[in-house]
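J.: After the sequence you'll find the predicted model.
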Amino acid sequence: MDGMMIGLIQTTVLYGATHRNHDKSIYEDLHKSAFESYSTEIGYVLKSITKTIKSLKKWMKPKRVKTPIYLRPTTSYIAYEPKGVILIIGPYNYPFQLILEPLIGAIAAGNTASIKPSEYASHTEQLLQTLINDHFEPSYLHVITGDHKITENLLENKFDHIFFTGSTRVGKLIYEQASKHLTPVTLELGGKSPTIVDQSANLKVAAKRIIFGKFINAGQTCIAPDYIYVHQTIAESFIKILSDTMHTMYNDLHQFGRIINDKHFDRLMNLIDADKVLQKPVIDAKMCLISPTIMKGVTWTDKVMQEEIFGPLLPVLIYDDIDTLIKLLKTKEKPLALYVFTNNKDIQHKVFSQLSFGGGAMNDTIMHVSNPCLPFGGVGQSGMGAYHYFASFEIFSHKKSYIKRCTWLYLPLVYPPYTKSKENIIKKILK
């Protein structure tokens, strides 16, 4: 039944994609190009569905685990059962993918779900309402639309698991509400994800991969490089390469995304220091357009470093010693992602072993999220819990443990009456 429901979602997604309803809705909300819409939203979801359907039978089968010698002859098992009713609350930045990706896991685990898309991405919200409510019984899956007041009302109800993607501020409120019912939560949040570029890095490759990771979806990506720390010995040359690469990749702004709404456009405009902008950006308030913008000479006292940017602004800071930088980054909140560009294995080891973060990459940005075999999630202020592929099935399941013991062999050791000889035997076994 679970596989059939996932298959039905696959069919409806494919139908909509064929008729370009999905592309159109996402474009109207965020001005994503057809390539971005398919690769990061529609195609991403379809690939996840395909892999889940292929693996589901294996996942659902009870797993036999080892049994200690003192319990033999006994067999031990872990079975997965549905948690029940899931509430999925989605964000505006990837309004299609970040609803359906957790939903795939929830259905795979056998749950029902209430779904609350972001009202900011109103066209995709309506698409999801049609896509799901027209094809599923409301007792199985149902999309609920509306503003934050609707979300607040939903949270008054008891769910068996809440899955939220969005800001840390809202995540805290959801966690607080969930605690009233002791409801488990998965929080996929964000933070200021750092990128480090050292002297040994391939600067052209680093520039291209950082620009791509930062400015896809106009910077509205929770794992986008939030800022760069570049070694002082290569700072000027790297900033020049970074700027040239940015202009080559985003010379045509017709394919560049837009900020979701006026509120976030104004917030981002307030973070721009005109004295530190490498080149004056193209600004169109009516279209909510801010072109890719590099800022140099930035310090932690600047406005742009006081919050997660979540937009097309890329601050560049300077460091001169990796150990000092690591100590500094340890004083900051744990980010959702971290990236380091270096061919020095010692530095790779230092950064990845000494700093805590949700996930990351060496000599790349954001692409770790495209591997379904890697659980995706944050740590500390950047979130709790992880999902994708089997990890999604797992978080929406209860692991039910049990043993199956034989009746043909009776070992009186653990049963009263207790004797000194029994005590001596148990001391030898349990040590």
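T.: Perfect, thanks for sending it. Computed from a predicted structure; not experimentally measured.

J.: partners of residue 86 in the sheet?
T.: Beta bridges link residue 86 to residue 113, residue 161 when assigned by DSSP bridges.

J.: Next, find the distance separating it from residue 194.
T.: Look at residue 86 and residue 194: by Cβ to Cβ, to the nearest Å, they are 33 Å apart. C-beta: built from backbone N, CA, C; applies to glycine.

J.: what's the answer for residue 165, then?
T.: Distance from residue 165 to residue 194, counting by Cβ to Cβ: 21 Å.

J.: These two: who's more crowded?
T.: residue 165 (27 against 24; other Cβ atoms under 10 Å).

J.: So residue 317 lies in a helix, does it not?
T.: No: counting by DSSP: H, G, I helix; E, B strand; the rest coil, residue 317 is not found in a helix; it is strand.

J.: Quick one: residues contacting it.
T.: Applying Cβ atoms under 8 Å, 6 or more residues apart in numbering to residue 317 gives the contacts 227, 228, 229, 230, 298, 299, 300.

J.: swap in residue 287?
T.: Residue 287 sits next to 31, 258 when contact means Cβ under 8 Å, 6+ apart.

J.: where does it fall, phi/psi-wise?
T.: Backbone geometry at residue 287, expressed as degrees, to the nearest 10, gives phi -90, psi 0.

J.: pLDDT at residue 9, what is it?
T.: pLDDT, residue 9: 61.

J.: Enumerate the positions of the helix or strand encompassing residue 169 that are buried.
T.: Assigned by DSSP states H and E, residue 169 belongs to helix 168-179. Along helix 168-179, the positions that meet the burial threshold by neighbour count (16 or more other Cβ atoms under 10 Å) are 168, 170, 171, 174, 177, 178.

J.: The second one touches residue 152, doesn't it?
T.: No: under the criterion of Cβ atoms under 8 Å, residue 170 makes no contact with residue 152, lying 10.7 Å away.

J.: Now do the helix or strand hosting residue 56: which elements does it pack against?
T.: In this structure, residue 56 is located in helix 43-60 according to DSSP H and E. Where contact means 3 or more Cβ pairs under 8 Å, 6 or more residues apart in numbering; DSSP states H and E, helix 43-60 is packed against helix 2-18, helix 97-108, helix 390-395.

J.: Confidence-wise, which of the ones you listed is weakest overall?
T.: Across the helices and strands packed on helix 43-60, helix 2-18 has the smallest mean pLDDT, namely a mean of 58.

J.: if I look at residue 400, how far off is residue 82?
T.: Note on residue 400: its distance to residue 82, by Cβ to Cβ, is 11 Å.

J.: Show me which of those two is the more surrounded one.
T.: Between residue 400 and residue 82, counted using other Cβ under 10 Å, residue 82 has the larger neighbour count: 19 against 11.

J.: Cool, thanks, talk later.
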